[in-house]
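In: my questions concern the predicted model and sequence given below.
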Amino acid sequence: MKVNSINLNLLTILDAVLTEQNVTNAARRINLSQPRVSNALKELRELFDDDLLVRNRHGQMTLTAKSRELQVETRRIINEIENLFENNQPFKPATSAANFNIAMSDYISVAFLPFLTRYLKKHAPNITLSIYGIEYVTGKNRSKIYETIDFVIGSETLLKANDEFSAEFLFEDEIVCAASSSHEIFKNPRITDNEINSFPQIYITPYDIVAKSDQNKLDNFDRLQNTFSDKTNLINSGNATMPVSRIMIACNMLANSDMVCIAPRRILNPVYEYFNLQIKPSPFYKSKIKFYQYLKKSSAENKQLNWLKNTINQLASEL
């Protein structure tokens, strides 16, 4: 049967009838009169040589075996038609509605997410974000990244070897040392390597602390990455070195102990004064950490995702 011999309006009516399994509700769903939907159902029954909807022994309308097959295929075809037209419509951030799934670490959620949400509220009020923890796309859960995540924002090593994603540089951050304001490490104007190593240390999040500087210091981070999943403690100059993945927990520990913390500056900036902490440049991490956004290469032509990518780039350049 040629497509030009079929009334294609029947497709939306078929979808509504099979979804609602009720003529009245189907008519309401697609804003048509009940007699029109009833007549269309009669025509559809003739086309498919099947009742499509039948009344069971309890008096309820149910799908036939044929209509259950048609339900899946009809919905697929309608989705493809909708996507065909949507992809050719201009994306207007001020009025368009969309939801994006973004995986990010605690660092990004503290250092960058507030800027993004503030921008969206002002310029794209109908755009929403679903935020996933970085652990959602790492380790044993890594396969999930291909199923639901639109973006990943994290350090340069996060998806470095992944051919499915393209990486774009966002910004960089310096490594600093933080401790309680009354800590004796701040008695001298400049903190030294030996002073830091004489106290127990905290490293905030193993996923985003990767500084390319002195190799002997970088080894500490490499060992942290390798052993974090086993929840083991490392030993550094006789003092315990603890990986902590939550900024508020780390700050509370610093405020109530003689521990010192090695972390990127921006993750500490919003909270260190609240916990009465002090920040000084780290003596041995001279290189800055680079952060990137990762977008699926298969989404390169998606107008909405490209708009968000460019928005994130713009905001990152203003940090």
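Out: That came through fine. Here the structure is a predicted model, which means the values were calculated and not measured.
In: isn't residue 186 right next to residue 279, touching?
Out: No. Contact criterion C-beta atoms under 8 Å: residue 186 and residue 279 do not qualify, at 9.7 Å. C-beta here means a position set from N, CA and C on the backbone, and glycine is covered the same way.
In: could you list the single helix or strand in this protein with the lowest mean pLDDT?
Out: Least confident helix or strand, the chain: strand 234-236 with a mean of 34, by mean pLDDT, DSSP states H and E.
In: any stretches of the chain with poor pLDDT?
Out: When residues are selected by pLDDT under 70, those of the chain lie in 1-5, 86-90, 135-147, 156-163, 204-245, 284-285.
In: okay, buried residues for stretch 115-132 please.
Out: Within stretch 115-132, the residues scored as buried using 16 or more other C-beta atoms under 10 Å are 116, 119-120, 124, 127, 129, 132.
In: list the contacts of it.
Out: Stretch 115-132 is contacted from outside by 93-104, 109, 113, 149, 308, 311-312, 315, 318-319, using C-beta atoms under 8 Å, 6 or more residues apart in numbering.
In: only C-alpha atoms, please: export that stretch in PDB.
Out: This file holds the C-alpha atoms of stretch 115-132, laid out as PDB (Å, rounded to 0.1, in the frame of the first residue of the first chain):
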ATOM      1  CA  PHE A 115      27.700  30.100  37.900                       C
ATOM      2  CA  LEU A 116      25.900  27.800  35.400                       C
ATOM      3  CA  THR A 117      22.600  27.600  37.300                       C
ATOM      4  CA  ARG A 118      22.600  31.400  37.900                       C
ATOM      5  CA  TYR A 119      23.000  32.000  34.100                       C
ATOM      6  CA  LEU A 120      20.300  29.500  33.200                       C
ATOM      7  CA  LYS A 121      17.800  31.000  35.600                       C
ATOM      8  CA  LYS A 122      18.300  34.400  34.000                       C
ATOM      9  CA  HIS A 123      18.700  33.500  30.300                       C
ATOM     10  CA  ALA A 124      17.100  30.100  29.800                       C
ATOM     11  CA  PRO A 125      14.500  29.600  32.600                       C
ATOM     12  CA  ASN A 126      13.000  26.500  31.000                       C
ATOM     13  CA  ILE A 127      16.300  24.600  30.800                       C
ATOM     14  CA  THR A 128      16.800  22.100  33.700                       C
ATOM     15  CA  LEU A 129      19.800  20.100  34.700                       C
ATOM     16  CA  SER A 130      20.000  16.600  36.200                       C
ATOM     17  CA  ILE A 131      23.300  16.400  38.100                       C
ATOM     18  CA  TYR A 132      25.000  13.000  38.700                       C
END
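In: coming back round to it: for ChimeraX, write a command that selects the buried ones of the contacts of stretch 115-132.
Out: For the buried members of those, the matching ChimeraX selection, counting by 16+ other C-beta under 10 Å, is:
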select :93,96,98,100,101,102,103,104,109,113,149,308,311,312,315
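In: and the contacts of stretch 115-132, which of them are in helices?
Out: Of the contacts of stretch 115-132, the ones assigned to helices by DSSP state H are 109, 113, 308, 311-312, 315.
In: now do the helices in the stretch 51-200 of the chain.
Out: Ranges of helices within the stretch 51-200 of the chain are 65-86, 106-111, 113-123, 193-197, based on DSSP state H, counting those that start in this stretch.
In: wait, I meant the stretch 201-319 of the chain
Out: Applying DSSP H, counting those that start in this stretch to the stretch 201-319 of the chain gives helices spanning 215-227, 247-255, 265-268, 303-317.
In: beta partners of the most centrally placed residue in the chain?
Out: The centre of the chain sits closest to residue 102, judged by C-alpha atoms, centre = their mean, with a distance of 1.4 Å. Beta-bridge partners of residue 102, counted by DSSP bridges, are residue 131, residue 151.
In: please consider this matter closed, and thank you.
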